[in-house]
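[1] Below: sequence and its predicted model.
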Amino acid sequence: MHGRPRKPQKPEEEEASAAEAAKLRPLQSQLLENHHQKNYDKEALEVSAKVLEMNPDLYTAWNYRKLAVEHYLKESPSDTESIKAILDEELRVAESALRQNVKSYGAWYHRKWILSQGHSSTDLELRLLGKFQKLDARNFHAWNYRRFVAELTNISEEKELKYTTDMIDTNFSNYSAWHNRSALLAKLLNKKAESYFPAEKVLNEEYELVHQAIFTDPDDQSGWFYHLWLLDQTIKSNAPSLVSSWPPHGYRVALSRNRSLDDQTLSPSRSFHSDSETLALILYFDQPVQGVDSSSVSVKSTAHLRGDLIWKPLSKCSHDAAKAWVSHLSFPQGEMNSSESYSVEVSLGNSQKITSASGFHHVKPTCFSFGVSVHLGETPIEECGNEGIWWKDENFTSCGISPQTLPFASSDNLTIENNYAPSSSEWCAEIISNEIALFRELLSETECKIGKLTLARFLMAHVATSPHANKVAQLEEVLELYLDLMKLDPTHFHYYKDEHSSVLLQKVTSTTESLFRHCYCYKDQTSPYLGTTTCVRLNNLSISRIGSVEKLLWVQVLDLSHNELRSTEGLEALQLLSCLSLSNNKIGSFTALESLRTLKSLKVLDVSCNEIGSHSIDTTRYLFSSPLSHSEEKENDLSSDKMVTDSPDLASYWEAYFLFKDLNLTQLDIEGNMISSERFQAFLVKVLPKLHWLDGKQVQ
Amino acid sequence: MGELAAEKHVKYILSVEKRKDDFQSVVMEHLRMNGAYWGLTALDILGKLNTVDADEVVSWVMSCQHQSGGFAGNVGHDPHILYTLSAVQVLALFDKLDVLDVDKVTDYVVGLQNEDGSFSGDIWGEVDSRFSYIAILCLSLLHQLDKINVEKAVNFVVSCKNMDGGFGCIPGGESHSGQIFCCVGALALTGSLHHIDKDLLGWWLCERQVKSGGLNGRPEKLPDVCYSWWVLSSLIMIDRVHWINKEKLVKFILDCQDTENGGISDRPDDAVDVYHTYFGIAGLSLLEYPALKAIDPAYALPVDVVNRIRLRKKLAV
């Protein structure tokens, strides 16, 4: 019941309602009776028509009438006159039902069904639609029906596009018309239809049209989403491209078991610790891709690599597309000469196999190379974990090395054949500059949220597409805009906050110098855990989401404590991570940590002082592969797992179980969460057999 | 701000069932199965499902089943996928799924999948992405999802996606919060949420919150309590629910209560009905309102009911 006032019914209203009910009830019973008896005589049809006029949603009555139509069509299959009469009558019944309730699914579908029986009343349909759409220009049933009629009668997309222009000219506040416009235009642009190619001319006109809407009333949302869609059409680079990799181009990696190498020939910061003879190779694309495998990515090395490369997508859902892909290069210890540096060359782009979700191929030939030396020696793999890692400020000291030696130093000029940064065409740059200027002007006249938000988005587009932009200054302007928006529109505070966080991380990682400010060394450099490994501390930044991970692929020790993170989405790409602190954030469940499941090197995890166990609603339950979703049904059959049959606690802690069973943690901090209890700790010790430290205490 | 008049709502829901003489009751007779689902789920969230005679409900539900395996909205009406889901959900609430001939119901739902992956609502062929969600949910509850072509079903839902990140009834249809719920739900249940641009859709959805705190279903429309469910559950499934102001929404829902006679309406001071009463209470549950059972955003059933069904099989203990 929509929009009916709440008030006690007057006696006469109650009577009227009862009288109507008394009239409808026997008709409905009669209808059902006729339906069951398959009685389609005139009188019976009359009853159903009356019922539908009073109650257009009564689906069984529509079904009954369809059966009746089929019955009569079978009786007189060739009598075109009487067929037309039958179908006309149905259109009439449907129309009068729509007059009663213009949102009746049953009535609209009945009309569709009649038309698909071969009734050609196109003119009539368009006239009727004109009437209904005038009455309510936003009725989505009518719009759906219009698209159906247009397709059935081959009305051209150009003509329908013109119809949306007319509707918008009449009243720009018509989201339905903007929507239909986007759908039609997308088709025409895709087809490269005459006068819709090249796209730049069309887009310019569209920008003008939508400006009228936004500038007339900035608070009216009708044009907002269309404008954002135009931006997407302007800058979208269809073909996926590689944005970063580990190891980066030109970098030298030393595989060693011991992090404190005596070998003076190696710069310590460049030595890369590995517990095994393998080196993770990570490719990071600008959009999720599939088809990365040993045939689409060629890896050549002067060293003899063992085995075929197996590529795995790093995604939170169990599907085969991801931005980040990992493979492991295996350097057989016995065959490697420790004084020699081997080169590895990775190239992709020669095959059409790597494709984006929308079906575009990776075409740009890209290749990069790096050096590897192996110093595994005879020392056995050190069992670390006896002394633990303590995330206190005093345990971190500034790095005594030059920023230029850090792995990310080379990431700016990482590409080879042409720069990783997407090259944008002139017209695209021009559109973006125009929009920036225009919205600055709007904001100088009136303070409106859509103005600020749009300006922020176009500035980001500018940063992304023009390599010569003054990045830092523009990012700072965007940060200011989001801070303003948080004050201006507090209802959506956390939307702006999340956007702000992404931009902030982009700024932090935008230059070597700025990221270097967040690099530290762990105090105890004899620790086999950390040694001279560079620790990245992005703590206390008040960030609410993770971003710019493509700049952090090399990070092994990461401190994200004292932020406002709600999930670890994005961290799945940081395959080298071995120590991670997330303490004092807003992680609300174990599923929110799901992306850590792919981090096979992770040994130390601090999730103390979060909100695990405090919420009845888990907002990440379906986002990540949950045993509740179908895709995991077969993968995670618990009944064969011994752990399950042994632990009565599993039913209460299954989310923790799904996270931790795949990790090899030696140190875990989880206190300060609602879920913490002795029973839970006992459960964790069982699930994590390699655990040495739990909540600061040594595991017995 | 007032509090949830839980007891009054329980009384109201129970009374609706007995009311038969006004016009609205007669008009709604054909969707009594939906009404049963709304009312009973609301009662369960309020912790009062035990005030209903389970056997009576179950036997009435079963009397609505047809030879085909599908359920009707009421005795004597035709089967439709809409009511088939409600029937299965009601049985799930009472932990009575074992009374079903699972193969029969499965056959009915499987038979409604079309070549392009979409689902018809019944034999008459109306196609709508709502029916995709319903089919997927229904089969998930019965552990029979592998009986349909899930990949094609997902592709059809994805083909209903629009420029604003939302979804319509059919390809080309305008985004609408109710429809978005269905499509996001279908993708959630099949582990396919990666097809969604969460930031884009999240922005569209969070902009549904208007000044009063209530949520509307499309841009430039009035707020309505039922969107507390459609929008909120969608935002939760894509982990963007923090983008709206929860306190203001709680207040809006509570403002729509009839504190005298129970029930919740679409907007403050409008007439109440069981549909909005359910969506108001379910919305409050999603907002973690105290003393309410948690409801699952994709299954639209209490979390304990979902866990009972999904984990019982999984743990097999």
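    Received the coordinates, thanks.
[2] Show the backbone phi and psi for the residue in the stretch 151-300 of chain B that chain A sits nearest to.
    Of all residues in the stretch 151-300 of chain B, residue B:191 sits closest to chain A, at 3.0 Å by C-beta to the nearest C-beta. Backbone N, C-alpha and C define where each C-beta goes, glycine included. Dihedral angles of residue B:191 (phi, psi; degrees, to the nearest 10) stand at phi 60, psi 40.
[3] Is there a neighbour count for it? I'd like the number.
    Per other C-beta atoms under 10 Å in any protein chain shown, the neighbour tally for residue B:191 reads 24.
[4] Now do the contacts for residue A:676.
    Counting by C-beta atoms under 8 Å, 6 or more residues apart in numbering or on different chains, residue A:676 touches A:613, A:670, A:695.
[5] 6 Å - rerun?
    Residue A:676 sits next to residue A:670 when contact means C-beta atoms under 6 Å, 6 or more residues apart in numbering or on different chains.
[6] what about it, distance to residue A:463?
    When distance is defined by C-beta to C-beta, to the nearest Å, residue A:676 is 43 Å away from residue A:463.
[7] Ok, residue A:567 next?
    Residue A:567 sits 25 Å away from residue A:463 when distances are taken as C-beta to C-beta.
[8] Compare these two (neighbour count), which wins?
    The neighbour count for residue A:567 versus residue A:463, taken as other C-beta under 10 Å, is higher for residue A:567 (26 against 22).
[9] Can you give me the separation between the closest residue to residue A:662 other than its chain neighbours and residue A:665?
    Counting by C-beta to C-beta, 6 or more residues apart in numbering or on different chains, residue A:662 lies nearest to residue A:597, which is 4.9 Å off, once chain neighbours are set aside. From residue A:597 over to residue A:665 the distance is 12 Å, taken as C-beta to C-beta.
[10] For the host helix or strand of residue A:326, which strands pair with it and how are they oriented?
    Using DSSP states H and E, residue A:326 falls within strand A:322-330. Paired strands of strand A:322-330, with direction, are strand A:278-290 (antiparallel), strand A:312-314 (antiparallel) (DSSP bridges).
[11] So which bits of the last one are buried?
    When neighbours are counted by 16 or more other C-beta atoms under 10 Å in any protein chain shown, the buried residues of strand A:312-314 are found to be A:313, A:314.
[12] Repeat that for the first one.
    Buried residues in strand A:278-290, counted by 16+ other C-beta under 10 Å: A:279, A:280, A:281, A:282, A:283, A:284, A:285, A:286, A:287, A:288, A:289, A:290.
[13] which one of those residues is nearest chain B?
    The closest of those to chain B turns out to be residue A:288 (C-beta to the nearest C-beta; 7.1 Å).
[14] The residue nearest to that closest one when sequence neighbours are not counted and residue A:302: what is the separation?
    In space, and not counting its chain neighbours, residue A:288 is closest to residue A:321: 4.2 Å by C-beta to C-beta, 6+ apart. Residue A:321 sits 33 Å away from residue A:302, taking C-beta to C-beta as the criterion.
[15] Mind pulling up the pLDDT for residue B:309?
    Residue B:309 carries a pLDDT value of 90.
[16] Shouldn't it be within a helix?
    Yes - looking at residue B:309 with DSSP: H, G, I helix; E, B strand; the rest coil, it is inside a helix.
[17] which residues does it contact?
    Contacts of residue B:309 by C-beta under 6 Å, 6+ apart: none found.
[18] ok, back up a step: name the residues that touch whichever helix or strand comes after the strand holding residue A:326?
    The helix or strand immediately downstream of strand A:322-330 is strand A:342-348, counting by DSSP H and E. Residues outside strand A:342-348 that contact it (C-beta under 6 Å, 6+ apart) are A:297-303, A:366-372.
[19] Same question for stretch A:192-205.
    Residues contacting stretch A:192-205 (C-beta under 6 Å, 6+ apart): A:188, A:189, A:427.
[20] Give me the neighbour count for the last one.
    For residue A:427, the number of neighbouring residues by other C-beta under 10 Å comes to 15.
[21] Kindly report the same for residue A:127.
    Using other C-beta under 10 Å, residue A:127 has 11 neighbouring residues.
[22] One more: the one 10 residues further on?
    The tally of other residues near residue A:137 (other C-beta under 10 Å) stands at 17.
[23] ok, the residue lying closest to it once chain neighbours are set aside - how many residues close by?
    Nearest residue to residue A:137, sequence neighbours excluded (C-beta to C-beta, 6+ apart): residue A:174, at 5.2 Å. By other C-beta under 10 Å, 23 other residues sit near residue A:174.
[24] Quick check: residue A:174 touching residue A:165?
    No - in this structure, residue A:174 is not within contact of residue A:165 by C-beta atoms under 6 Å, at 11.1 Å.
[25] anything in contact with each of these two?
    In contact with both residue A:174 and residue A:165: no residue, using C-beta under 6 Å, 6+ apart.
[26] Taking their axis directions, the host helix or strand of residue A:255 and strand A:322-330 sit at what angle?
    Applying DSSP H and E as the criterion places residue A:255 in strand A:252-256. Strand A:252-256 runs at 60 degrees relative to strand A:322-330, counting by axes from the mean of the first three to the mean of the last three C-alpha atoms, to 10 degrees.
[27] Check the offset of stretch A:460-467 from the chain's centre.
    Centroid separation for stretch A:460-467 versus its chain: 21 Å, with C-alpha atoms, centre = their mean, to the nearest Å.
[28] Tell me if that stretch is near chain B.
    No - if you take C-beta under 6 Å from any C-beta of the partner chain as the test, stretch A:460-467 misses chain B, and the best it gets is 12.2 Å.
[29] Which parts of the stretch 351-500 of chain A are helices?
    Assigned by DSSP state H, counting those that start in this stretch, the helices in the stretch 351-500 of chain A fall at A:426-445, A:449-465, A:471-488, A:493-508.
[30] same check, this time on the stretch 151-300 of chain A
    For the stretch 151-300 of chain A, the helices defined by DSSP H, counting those that start in this stretch cover A:157-170, A:175-191, A:199-216, A:224-235.
[31] Look up how far chain B lies from residue A:403.
    Distance of residue A:403 to chain B, given as C-beta to the nearest C-beta, to the nearest Å: 32 Å.
[32] Find the pair from the buried residues of strand A:278-290 with maximum spatial separation.
    Pairwise distances across the buried residues of strand A:278-290 (C-beta to C-beta) peak at 25.8 Å, for the pair A:279 and A:287.
[33] Quick one: distance of the helix-or-strand element of chain B with minimal mean pLDDT to the chain centre.
    Between all helices and strands in chain B, the lowest mean by mean pLDDT, DSSP states H and E belongs to helix B:303-315, at a mean of 81. Distance of helix B:303-315 from its chain centroid, counting by C-alpha atoms, centre = their mean, is 19 Å.
[34] Now it - C-alpha only, PDB.
    In PDB, the C-alpha atoms belonging to helix B:303-315 read as follows (Å, rounded to 0.1, in the frame of the first residue of the first chain):
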ATOM      1  CA  VAL B 303      21.200 -15.900   9.500                       C
ATOM      2  CA  ASP B 304      20.600 -18.800  11.800                       C
ATOM      3  CA  VAL B 305      18.200 -20.300   9.300                       C
ATOM      4  CA  VAL B 306      20.700 -19.900   6.500                       C
ATOM      5  CA  ASN B 307      23.600 -21.300   8.500                       C
ATOM      6  CA  ARG B 308      21.400 -24.300   9.600                       C
ATOM      7  CA  ILE B 309      20.800 -25.100   5.900                       C
ATOM      8  CA  ARG B 310      24.200 -24.400   4.400                       C
ATOM      9  CA  LEU B 311      26.500 -25.500   7.200                       C
ATOM     10  CA  ARG B 312      24.500 -28.500   8.300                       C
ATOM     11  CA  LYS B 313      25.300 -30.100   4.900                       C
ATOM     12  CA  LYS B 314      28.800 -28.800   4.900                       C
ATOM     13  CA  LEU B 315      29.700 -30.000   8.400                       C
END
